[in-house]
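Asks: I'd like to go over a predicted model; first the sequence, then the structure.
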Amino acid sequence: MSNLSVKHLLGIKFLTEADLHLIFETADHFKEVINRPIKKVPSLRDITIANLFFENSTRTKLSFELAEKRLSADVINFSAASSSVKKGETLQDTVNNILAMKVDMLIMRHPNPGAGVFLSKHINAAIINAGDGAHEHPTQALLDAYSIREKLKDVRGKKVVIVGDILHSRVALSNIFALQKLGAEVKVCGPLTLMPKHIESLGVKVETNLKAALEWCDVANMLRIQNERMEITYFPSTREYVQQFGLTSDLLAKLNKPITIMHPGPINRGVEVSSDVADSEHSIILNQVENGVAIRMAVIYLLASKIK
Amino acid sequence: MRQHKLLNANEIDIILQRLAFQLIENYSDFSNTVLIGIQPRGVYLANRIEKILQKELGNKCPKFGKLDITFYRDDFRRGSKTLEANQTQIDFIVEDKNIIFIDDVLYTGRSIRSALTAIQSFGRPKTIELLTLIDRRFSRHLPIQPDYNGKQVDAINKERVVVKWKENDGEDAVEIIRLNDE
């Protein structure tokens, strides 16, 4: 069990439980590395990685770039806003042009679901999906599950509720796959207009009452309302959303146990979580960010070791 | 596959005592000295040396650590298996310290080369020395030699030298295994 079963990280769906544990164990070592006085190892000094962001990203891109640099890889960045995509080039042509410059690995964010899967059938380089539309965001789910494992010792048997805009969320889908593979129970909670159809077929339960969901769970993962992806109105007003689905310290105080609060960022303080909850001792939001670098180092390291 | 025993438990014990006393002779005061076992197999030897020094020196026994060299190796992507990491545990400052690396078998010298790079991530030691149980001379790829050595062995490249430890392998022994000609 010392190799990943895949050549690319396109989605959590394609990984085995053993893959997830291998990634976590490797991330443990990288977490120790990034807390040293010198936070860098030379493993990937002969690997070149291109970060292709066809959709805006700040923290995921920073996290990936830092992970690559801490592994000593050479890094090039490409963003769609200032690129030939606007001039009408196809995805495959864009990528082939970049690969012609002897690039070994691609980190790609793309607005279209399945962009990574499509590309993996046509090119040779290793691909890591950094978010494809509303489909998957595997490294986010890995760092979320890793953070739960760190806080609660084990993911197996834990109850996790994902709250908010499930419909537009790739984080939700990847989290559901990862948590279920690791033996956790998952519920989703939010307005019914923001629930994908047939979500129950994935083995998750839908809950529309936030308080009931919180009483059930050990961990609450609060998602952001993605206004930029909403072409129609899904709920009457932000104020009404906050009243029904916003997590406040009053609500937490009424529970009979402490629960762990997570958020993939960026937070809208006062919308999905109130400010005092986001900064409370039960919030592991900043741990998630730190673990993100270690997890991405682990994934890049494990996939790079398969490049011949 | 043929194998024969090079050292038995009693012989290993005598060598360990000698190595520990060589350290005491050389350092007498360990206040600025730390010992670091190279993961994975060097840690067993380091634990044994620590036990002897603890018995002899009591609370003046130097600090021990473990160093994993996986991410510093020069054969990443050159084998078929992913290189798996082990724990690094260095709970002290190495800046300006005398460091003694401990590993079971010195063969090509590449592990020690990696360890020399790895330790730099923790600071700039004053000196670094090397203690090994077995030195396979004539097999070196790099100009690296032990400062304290248990036994020199002339093994050819088709042979493997295996150090076994009671706590992990059931007995203390050093064996030479002749791999079949392919």
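Replies: Everything's here; your move.
Asks: does the residue of chain A found nearest chain B count as helix, strand or coil?
Replies: Across chain A, no residue is closer to chain B than A:Val41, which sits at 3.6 Å (CB to the nearest CB). All C-beta atoms are positioned from the backbone trio N, CA, C, and that covers glycine. Classification of A:Val41 by DSSP: H, G, I helix; E, B strand; the rest coil places it in coil.
Asks: how about low-confidence regions in chain B?
Replies: Applying pLDDT under 70 to chain B flags residues B:181-182.
Asks: center of it, which residue is that?
Replies: By CA atoms, centre = their mean, chain B has its centre lying nearest to B:Asp103, at 0.7 Å.
Asks: which SSE is it in?
Replies: Counting by DSSP states H and E, the element that carries B:Asp103 is strand B:98-106.
Asks: Just name whatever secondary elements the following helix or strand past that strand is in contact with.
Replies: Per DSSP H and E, the first helix or strand lying C-terminal to strand B:98-106 is helix B:110-119. Secondary-structure packing of helix B:110-119 (3 or more CB pairs under 8 Å, 6 or more residues apart in numbering or on different chains; DSSP states H and E): strand B:33-38, strand B:63-67, strand B:98-106, strand B:127-136.
Asks: now helix B:110-119 and strand B:63-67, what's the angle there?
Replies: 110 degrees (axes from the mean of the first three to the mean of the last three CA atoms, to 10 degrees).
Asks: hmm, back to that, which residue is the nearest non-sequential neighbour of the residue nearest to the centre of chain B?
Replies: Using CB to CB, 6 or more residues apart in numbering or on different chains and skipping residues adjacent in sequence, the residue nearest B:Asp103 is B:Gly42, 3.8 Å away.
Asks: Please look at the one you found and B:Asp104 and confirm they touch.
Replies: Yes. Between B:Gly42 and B:Asp104 there is a contact under CB atoms under 8 Å: 5.7 Å.
Asks: Between the two, which has more neighbouring residues?
Replies: Just comparing B:Gly42 and B:Asp104: by other CB atoms under 10 Å in any protein chain shown the higher neighbour count belongs to B:Gly42, 26 against 23.
Asks: Chain B: helices as residue ranges?
Replies: B:9-27, B:42-57, B:110-119, B:166-169 (DSSP state H).
Asks: typed the wrong thing, it's the stretch 51-200 of chain A
Replies: A:59-70, A:91-99, A:115-120, A:138-152, A:170-181 (DSSP state H, counting those that start in this stretch).
Asks: For whichever residue of chain B sits closest to chain A, give me its contacts.
Replies: Relative to chain A, the nearest point of chain B is B:Phe71 (3.6 Å; CB to the nearest CB). B:Phe71 makes contact with A:29, A:33, A:41-43, A:71, A:301, B:85, B:118 under the criterion CB atoms under 8 Å, 6 or more residues apart in numbering or on different chains.
Asks: so how far is A:Thr94 from it?
Replies: 32 Å (CB to CB, to the nearest Å).
Asks: How about B:Ile102?
Replies: From B:Ile102 across to A:Thr94, the span is 52 Å (CB to CB).
Asks: same deal with B:Leu19?
Replies: Taken as CB to CB, the span from B:Leu19 to A:Thr94 is 61 Å.
Asks: So which of those two has more stuff around it?
Replies: B:Leu19 (21 against 17).
Asks: so what's the spatially closest residue to that one that is not a sequence neighbour up against?
Replies: Take B:Leu19 and drop its neighbours on the chain: the residue closest to it by CB to CB, 6+ apart is B:Tyr148, 5.4 Å away. By CB under 8 Å, 6+ apart, the contact list for B:Tyr148 reads B:19, B:22-23, B:100, B:129-132.
Asks: Are any of those residues buried, and if so which?
Replies: Among those, those scoring as buried are B:19, B:23, B:100, B:129-132 (criterion: 16 or more other CB atoms under 10 Å in any protein chain shown).
Asks: Most widely separated two among those residues?
Replies: Farthest-apart pair in the buried ones among the contacts of B:Tyr148 is B:Leu23 and B:Thr132; separation 12.9 Å (CB to CB).
Asks: What is the neighbour count of residue 166?
Replies: I went with chain A, as the question did not name one. A:Ile166 sits with 23 neighbouring residues when counted by other CB under 10 Å.
Asks: Sorry, I should have been clearer: chain B.
Replies: B:Lys166 has 13 nearby residues by other CB under 10 Å.
Asks: that older thread, okay but the residue nearest to the centre of chain B is in contact with B:Arg110, surely?
Replies: No. Counting by CB under 8 Å, B:Asp103 stays clear of B:Arg110, with 11.4 Å between them.
Asks: follow-up on the earlier one: any idea how far the spatially closest residue to the residue of chain A closest to chain B that is not a sequence neighbour lies from A:Tyr146?
Replies: What sits nearest to A:Val41 in space, not counting adjacent residues and going by CB to CB, 6+ apart, is B:Phe71, at 3.6 Å. Noted for B:Phe71: a distance of 19 Å to A:Tyr146, by CB to CB.
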